[in-house]
Every structure is written in structure tokens, then in C-alpha cells.
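Undergrad: Sequence first, then the predicted structure:
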Amino acid sequence: MAFQRMTARVVGRVQGVGFRWWVRSRGRELGLSGWVANEPDERSVALLVEGDATRLDELERLLWQGPPGAWVEAVEVSREPASGTFQGIEIVRR
């Protein structure tokens, strides 16, 4: 398995629609670890997750959908080697 870190920013109507909870749930289902947070601009959510590259690909695909009520304009993603720092995926404040 190739473990990677994915940093992403999801832009659109993604605050106030349960997006962070939805990401946490999907991340847990995929066995990923890291965090998800609202950004101060009030129209984006940031996340940093680690796990198997194939599962990160699936989460990246899902980010374009989001939960009901969300409207995703853009998903900006970067990848790098995983650090192994995280256990589980949590909602945090930034």
C-alpha cells in the first residue's frame, strides 16, 4: 500500500450544510486519518488526511459531490508522503 497525505480546500456552499461531518464520516469509512475544518472565508472547508492512495482518490472524488445541500465550485488538492501523525479523523477549529 502506498500511504500519502492529501491536503485539500473545497470551495462553494460548503459551510452550514454539514460538510465537515460528512467528510469525517466518509474519511472514517475509508480508514483515513487527519482533520477537517471550516476556513475563515466562510465559503471553503480545508482538510488534511492520510491513508492509502486509492482511498484518498475515492475521497477526492467524493469531495466534488458533498452532502445534500452543498454546492461545490472547486476542489484544490495536493499530495505528499504521509507522516503517520494522525489517528482517526476529527473536526477541528483553525
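TA: Looks like it arrived, so ask away. Numbers count the residues shown, from 1 in each chain.
Undergrad: All the strands of the protein, in order from the start?
TA: In the chain, the segments counted as strands under DSSP state E are 3-13, 33-38, 44-52, 71-81, 89-91.
Undergrad: Could I get the contacting residues of the nearest residue to residue 93 once chain neighbours are set aside?
TA: Leaving out its chain neighbours, the residue that sits closest to residue 93 by CB to CB, 6 or more residues apart in numbering is residue 37, at 6.3 Å. In short, each C-beta sits where N, CA and C put it, glycine included. The neighbourhood of residue 37, defined by CB atoms under 8 Å, 6 or more residues apart in numbering, consists of 20, 45-47, 91-94.
Undergrad: In CSV, list the strands of the chain along with mean pLDDT.
TA: As requested, these are exported to CSV (pLDDT from 0 to 100):
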stretch, mean pLDDT
strand 3-13, 98
strand 33-38, 98
strand 44-52, 98
strand 71-81, 98
strand 89-91, 97
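Undergrad: closest one to residue 27 among those strands?
TA: Among those, strand 89-91 comes nearest to residue 27, with 3.9 Å by CB to CB.
Undergrad: for that closest one, which positions count as buried?
TA: Buried positions in strand 89-91, judged by neighbour count with 16 or more other CB atoms under 10 Å: residue 89.
Undergrad: Pairing partners for that strand, with directions?
TA: Counting by DSSP bridges, the strands paired with strand 89-91 are strand 33-38 (parallel).
Undergrad: and the angle for the strand it pairs with with strand 3-13?
TA: Using axes from the mean of the first three to the mean of the last three CA atoms, to 10 degrees, the inter-axis angle of strand 33-38 relative to strand 3-13 is 20 degrees.
Undergrad: Restrict strand 33-38 to CA atoms and write it as CSV.
TA: Extracted in CSV, the C-alpha atoms of strand 33-38 (Å, rounded to 0.1, in the frame of the first residue of the first chain):
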residue,chain,number,x,y,z
SER,A,33,-6.9,9.8,9.4
GLY,A,34,-6.4,13.6,9.8
TRP,A,35,-8.6,16.6,10.3
VAL,A,36,-11.3,18.8,8.6
ALA,A,37,-12.1,22.5,9.4
ASN,A,38,-14.1,25.5,8.2
